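Asks: Provide a 3D model corresponding to the input given below.
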Amino acid sequence: MLEIFWGIVKVKAPAAAESVLRITGIKLLGAALEWPEAWLKDKAQDIRDRTDAKSAFRTALAKAASEAAIAEPDRVAAMADYLMEGAAATVANQAAVLGAAAHRLGEATDDELRTAEVPDDDWMAAFRRHSGEAYSSELRDAFGRLLAGEILKKGSFSRRTLRVLSEMDQQTAQVFQRVYAATIDGWIPKDRFKSDGFGFADLALLRDAGLMNAGEGYLKTKPPADNPEAKRATLKVGTLEAAFDWSHMKFTPFIADLEVVLLTDNGEELGRILPPPDIDANTLAIAHDLQSEDFIVSITIDGQPFPLPPKSG
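Replies: Model prediction:
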């Protein structure tokens, strides 16, 4: 019966993961695999007349209702029709999600597929519940990528992350994609929310969605080892190194420690189904943010000098 669903999603599982994906599909689609084959084929082909399949379904339920001494089996059968239609929408969502997972597995490397395994039953139960409500193509694709990720590496996604994804609206998803693309190792400078098309309303939105931490963190500068009290320090961010000197200033500039906002665990997990951030571009953006500060002496990226504007005065 699972072949019918492969027909619905119009995809063939990659050979290396076929058995794992089929077992996962059985767990995801569950009792729907026992639905009348004619009814399912009718759904897949979008044929208008489903009389025979639905009639058989009604007849079976009416018979069961009569045997249970229910006084109005026709009413029970009519309700069953209604429930079956609703269940069909849920299964259609899950079948599309399964297809998206198969597509993602088709992009995986041989090494990734070698360790593929069926997700745990408890995780699949939660996934089945949330993915059944994925009505948009974007959400179906997201759930498909998440399922593929869990198959490739069990434990990659928590059940809470499933819930966060299911509750995410389109605006939040779009903001998260833009912000995640600007991150480095799970953080983004807080000042970035003053520019680059972001705003503090976006930060509040992602915090409310459970994707970014409520507080801030700091990337600490390091003073010279031989003179900890010196008004000089170095900030290292990946391949970027910035030298600070505020000896000409009466106070220590607050930005001497880079204020950042961190992704939550859910945010980091959902980031795994998105394209990876361009670390080089994001590092360059930090250099641009720092270069105009009058306490910056030098900036290098990969050991190469980054140009600084002329100092005033």
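Asks: buried residues in stretch 150-161?
Replies: By 16 or more other C-beta atoms under 10 Å, the buried positions in stretch 150-161 come out as 150-152, 156-157, 161. In this view, the C-beta of every residue, glycine as well, is placed from N, C-alpha and C.
Asks: From these, which land in helices?
Replies: 150-152, 161 (DSSP state H).
Asks: Let me have those residues in a markdown table, extended by distance to residue 18 and pLDDT.
Replies: What follows is these, written out as a markdown table (distance: C-beta to C-beta, whole Å; pLDDT from 0 to 100):
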| residue | distance to residue 18 | pLDDT |
| --- | --- | --- |
| 150 | 17 | 95 |
| 151 | 12 | 93 |
| 152 | 14 | 93 |
| 161 | 26 | 95 |
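Asks: would JSON lines of those residues with distance to residue 217 be doable?
Replies: Shown next, in JSON lines, are these (distance: C-beta to C-beta, whole Å):
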{"residue": "150", "distance to residue 217": "29"}
{"residue": "151", "distance to residue 217": "33"}
{"residue": "152", "distance to residue 217": "30"}
{"residue": "161", "distance to residue 217": "21"}
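Asks: ok, so of the residues you listed, who is nearest residue 303?
Replies: Among those, residue 152 lies closest to residue 303 (C-beta to C-beta), at 35.9 Å.
Asks: quick one: contacts for the closest residue to residue 203 other than its chain neighbours?
Replies: Leaving out its chain neighbours, the residue that sits closest to residue 203 by C-beta to C-beta, 6 or more residues apart in numbering is residue 193, at 5.0 Å. Going by C-beta atoms under 8 Å, 6 or more residues apart in numbering, residue 193 touches 199-200, 202-203, 261.
Asks: Restrict the helix or strand encompassing residue 287 to CA atoms and write it as PDB.
Replies: Assessed by DSSP states H and E, residue 287 sits inside helix 279-291. Extracted C-alpha coordinates of helix 279-291, given in PDB (Å, rounded to 0.1, in the frame of the first residue of the first chain):
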ATOM      1  CA  ILE A 279      30.700  32.800   7.600                       C
ATOM      2  CA  ASP A 280      33.100  34.800   5.500                       C
ATOM      3  CA  ALA A 281      30.400  37.400   4.600                       C
ATOM      4  CA  ASN A 282      29.200  37.600   8.100                       C
ATOM      5  CA  THR A 283      32.700  38.100   9.400                       C
ATOM      6  CA  LEU A 284      33.200  40.900   6.900                       C
ATOM      7  CA  ALA A 285      30.000  42.500   8.100                       C
ATOM      8  CA  ILE A 286      31.400  42.700  11.600                       C
ATOM      9  CA  ALA A 287      34.600  44.300  10.300                       C
ATOM     10  CA  HIS A 288      32.500  46.900   8.500                       C
ATOM     11  CA  ASP A 289      30.600  47.600  11.800                       C
ATOM     12  CA  LEU A 290      33.800  48.000  13.700                       C
ATOM     13  CA  GLN A 291      35.900  49.900  11.300                       C
END
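Asks: neighbouring contacts of the helix or strand just after that helix?
Replies: Next in sequence after helix 279-291, counting helices and strands by DSSP H and E, comes strand 296-301. With contact meaning C-beta under 8 Å, 6+ apart, strand 296-301 is reached by 232, 239-245, 283-284, 287, 290-291, 305-306, 308.
Asks: what's the distance between the closest residue to residue 166 other than its chain neighbours and residue 278?
Replies: Using C-beta to C-beta, 6+ apart and skipping residues adjacent in sequence, the residue nearest residue 166 is residue 130, 4.0 Å away. As judged by C-beta to C-beta, to the nearest Å, residue 130 and residue 278 stand 30 Å apart.
Asks: what about stretch 145-152, distance to the chain center?
Replies: In this view, stretch 145-152 has its centroid 11 Å away from the chain centroid, taken as C-alpha atoms, centre = their mean, to the nearest Å.
Asks: Low-confidence stretches in the stretch 51-200 of the chain?
Replies: Within the stretch 51-200 of the chain, the ranges that satisfy pLDDT under 70 run 51-88, 195-197.
Asks: on that earlier part again, out of the contacts of residue 193, which sit inside helices?
Replies: Going by DSSP H, the helices hold 200, 202-203 from these.
Asks: Among those residues, name the buried ones.
Replies: 202-203.
Asks: Output the ones in helices among the contacts of residue 193 in JSON lines; the columns should cover distance to residue 272.
Replies: As requested, those are exported to JSON lines (distance: C-beta to C-beta, whole Å):
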{"residue": "200", "distance to residue 272": "26"}
{"residue": "202", "distance to residue 272": "21"}
{"residue": "203", "distance to residue 272": "21"}
